[in-house]
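Visitor: The following comprises the amino acid sequence and a computationally predicted model.
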Amino acid sequence: MPRVLVFSTNAISDPGIDLAGSSHMHYSPDVVVVSLPCTRAIKPSWIVYALERGFDGVFIASDGDECGYLSDCSERSARIVSRTQALLSEHGIDGHRLKLAAICSVCAAPYTKHVREFTQALAELEG
Amino acid sequence: MSERRIGVYVCQCGGNISDYVDVEQVVGAVANDPGVVVARTAMFTCSDATQQEIEADIREQQLDGLVVASCSPKLHTFTFREAARRAGLNPYEYTQVNIREQCSWTHTDDRTGATRKAMQLVRAGIARTRLTEPLEPTAVQTTPSALVIGGGVAGMRAAIGLADLGLGVFLVEREARLCGHTGELGELFPNAGTGSGLVARLLEQIRERPQIAVFTSAEVTAKSGTYGNYRAVIRAGEESIHAEIGQIIVATGFDSYEPAAGEYGYGIQGVLTLPEFRRMLDSREDLIVGGRKPESIAYVYCVGSRCEEHPYCSRFCCSAAVHASLLASDRVAGVRQYHLYRDMRTYGRNELMLSESRERGSLYLKFADGDPPEVTHDGQRLSVTVRDQLTGGDELTIPADLVVLVTGMVPQANDRLVKTLKLPVGGDGFFNEIHPKLRPVETVVDGVLIAGACQGPKTVAESVTSGLAAVSQTAAVLKRGVAELDPQIATVHASACSGCGACVEACPFGAISMIARDGGEVAQIDRAGCKGCGACAPVCGEDAIDLLGYTDGQVRAMIDALIQIPPTHPHLP
């Protein structure tokens, strides 16, 4: 199964991911999470590093509009993704290996759906 | 770096984890990781007994790092930070690893996969802990006074409450006098008394408290400083007052919805909004329209509410309109009153007013969403046409001497204040609290609280309640005299900083400034101003900023640990 690194956020998306577990929703155990205070704290170089070290994909479970720090977090997170896409391209890495979706603090089902679909898409990428 | 001494505790959670994860195998896989000196499982790591064992290990084994792999960090981060502190270990040398919500519970169908994942997660926690360093919260002395912005009923009551707790108060009102909407009202519901009388009492109490400094025709134009110690500039005419304050309560209130010309006949003589009707009722003993007593009054509910522009319900207005109709029937015996509504929301005890109005002869007609009544004037008389859902949708035309448009509350235009205080504005234009149930008057901006109808439609009673909640939250910080700030904040490696200033731009809290150093400039983080969001770190072209607790080294070490296939994985040769 493809190996996926998820960047979540302590206050918003991580509780959503927790809720998926509390609700016994299943997805691949090759999906692992690193939680940060805010989506904007993700360094593009970490994403490149993870993919170069062997992860097949990186999923950003972003704060979206629920961010407790700033109302324009979504736009700022989108800028991080744009910068990362440029970096991936420089490193010859397929941009489809990075995906972002806003995951709210109760978005258990959407999260499960996103990581399942992403895992599936990455598997197809491998051929 | 000297060798670390880390204790690792893997929780069974009474089967919640161990039924799906082979915890012994997890411990076996990490026991020989660099720096690990203790690794064991426990039935419940959060139990008092296990916490005591952990504390004993910290002391006896001289542990300088702690990893607990159990449930979500939301549940027990503070539990184990405290255990560490009790044993003399800095609480920030501890890492919580989530192997329940994000592992055992979500992979109940795959024990092998869950066990492998738990090994990776625990190893990542150990890798992170190898790079922790002791952190100390910043303690700041707080200023024992508060700024209250808005001299309506919520702001006035809050100012009195703060003064009674021994705090100084700067009460700032944009208008020429303290009054608010309430002070302009006559009789209130549910228990009579007048709005003007209520405000007169509050003014009396404010006058009796010299520690409340009142500024009218004044605005707050600047705010600086850090948590617990702010400076605000109050502009009153030509004068600028510099106020030293510890917290700020924003109670700027609401505006009444103003219908557009022609909306439900607004602009035709005899068509009034609810506030205009109240002014008519409150200004004199009788009720005269066009030189005579009105024979019939029609109320159109939900004007400007629950629509595309204002999708929310102002909820006070159903009760306020019913109450106004009772006042009208007191003034004009036998007046016929028709209430054209979408849904009646006279919640709580206000329902009794609805019953009373029916007993007094008011008629209630329900129109459908998307099929609002029409207000017309044929040159002779006003009338309202409505299709009543309760009588099979029959079209009824009601002649009326007065049509009252029951308008709700809309957010006030306060752009300058929003910008000055960086207030969080919600999608509906009102100010947002952190959590509607648990932290209902705090905002994400530290030190700035909200109260009253600036947060959303509220009655007088609800506004006062939230004003007093803001008082208690203010006192909780300012009466202690000292505030502790989370030390997991950004830090600049000055030798790597190029002085480009990109981080200054990226910081939403104005917590980064450039200071002179070695003939150039480098970024400096204000420890009390930084909220630890980390927004500055990714924009640094030189990688010169780290967020403590989430450093570049720690995240990369975690990625390395997570990608390794654990050596004891049963599928490996």
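Guide: All right, it came through fine. As the structure is a prediction and not an experimental result, all values here were calculated from the model.
Visitor: and residue 9, how many residues sit next to it?
Guide: Unless you meant another one, I'm taking chain A. Each residue near residue A:9 was counted by other CB atoms under 10 Å in any protein chain shown, and the total is 33. All C-beta atoms are positioned from the backbone trio N, CA, C, and that covers glycine.
Visitor: wrong one, I was asking about chain B
Guide: Quick note: residue B:9 (other CB under 10 Å) scores 24 neighbours.
Visitor: SS state for it?
Guide: Look at residue B:9: counting by DSSP: H, G, I helix; E, B strand; the rest coil, its state is strand.
Visitor: Stretch B:344-354: end-to-end distance?
Guide: End-to-end distance of stretch B:344-354: 9 Å, with CA to CA, to the nearest Å as the criterion.
Visitor: what sits up against that stretch?
Guide: Residues from elsewhere that reach stretch B:344-354 (CB atoms under 8 Å, 6 or more residues apart in numbering or on different chains): B:189-190, B:301, B:313, B:315, B:318-319, B:322-323, B:326, B:364.
Visitor: so can I have TSV of these showing pLDDT, secondary structure and distance to chain A?
Guide: Formatted as TSV, the entries for those read as follows, by pLDDT from 0 to 100; DSSP: H, G, I helix; E, B strand; the rest coil; distance: CB to the nearest CB, whole Å:
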residue	pLDDT	secondary structure	distance to chain A
B:189	87	coil	36
B:190	79	coil	36
B:301	98	strand	31
B:313	96	coil	22
B:315	91	coil	24
B:318	97	helix	30
B:319	96	helix	32
B:322	98	helix	36
B:323	97	helix	37
B:326	96	helix	42
B:364	97	strand	38
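Visitor: Go through those and name the one nearest residue B:399.
Guide: In terms of CB to CB, no member of those lies closer to residue B:399 than residue B:364, at 17.6 Å.
Visitor: what are the bridge partners for that closest one, then?
Guide: Residue B:364 forms beta bridges with residue B:339, as assigned by DSSP bridges.
Visitor: you'd agree it is up against residue B:341?
Guide: Yes. At 6.4 Å, residue B:364 and residue B:341 qualify as touching, with contact defined as CB atoms under 8 Å.
Visitor: Contacts only, for the residue in chain B that chain A sits nearest to.
Guide: Scanning chain B for proximity to chain A using CB to the nearest CB identifies residue B:534 as nearest, at 2.6 Å. Contact criterion CB under 8 Å, 6+ apart gives A:36-38, A:40-41, B:490, B:547, B:550 as the residues in contact with residue B:534.
Visitor: 6 Å instead, please
Guide: By CB atoms under 6 Å, 6 or more residues apart in numbering or on different chains, residue B:534 lies in contact with A:37-38, A:41, B:547.
Visitor: Among the residues you listed, name the buried ones.
Guide: Taking 16 or more other CB atoms under 10 Å in any protein chain shown as the criterion, what is buried in those is A:37-38, A:41, B:547.
Visitor: Leaving out the residues flanking it, which one is nearest to the residue of chain A found nearest chain B?
Guide: Of all residues in chain A, the one sitting closest to chain B is residue A:41 (2.6 Å; CB to the nearest CB). With CB to CB, 6 or more residues apart in numbering or on different chains as the measure, residue B:534 is the residue that lies nearest to residue A:41, at 2.6 Å, once sequence neighbours are left out.
Visitor: Check residue B:367 too.
Guide: residue B:386 (5.2 Å).
Visitor: how about low-confidence regions in chain B?
Guide: Within chain B, the set of residues satisfying pLDDT under 70 comprises B:1-2, B:444, B:566-573.
Visitor: near chain A, which residues of it?
Guide: With the criterion set to CB under 6 Å from any CB of the partner chain, chain B comes near chain A through B:72, B:101-102, B:105-110, B:113-114, B:117, B:120, B:444, B:508, B:532-535, B:537-538, B:547, B:550, B:555-556, B:558-559, B:562-563.
Visitor: just checking, which of these belong to helices?
Guide: B:113-114, B:117, B:120, B:537-538, B:555-556, B:558-559, B:562-563 (DSSP state H).
Visitor: Where do the strands of chain A begin and end?
Guide: A:4-9, A:31-36, A:57-62, A:98-102 (DSSP state E).
Visitor: and these as JSON lines, adding distance to residue B:82?
Guide: Output for the strands of chain A, formatted as JSON lines (distance: least, CB to CB, whole Å):
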{"stretch": "strand A:4-9", "distance to residue B:82": "24"}
{"stretch": "strand A:31-36", "distance to residue B:82": "21"}
{"stretch": "strand A:57-62", "distance to residue B:82": "29"}
{"stretch": "strand A:98-102", "distance to residue B:82": "34"}
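Visitor: quick one, which of those strands is nearest to residue B:181?
Guide: That would be, of the strands of chain A and by CB to CB, strand A:98-102, which comes in at 37.4 Å.
Visitor: Check whether the closest one comes near chain B.
Guide: No. Taking CB under 6 Å from any CB as the criterion, strand A:98-102 and chain B are apart, separated by no less than 13.9 Å.
Visitor: Residue B:476: neighbouring residues, count only.
Guide: The burial metric for residue B:476, expressed as a neighbour count using other CB under 10 Å, is 10.
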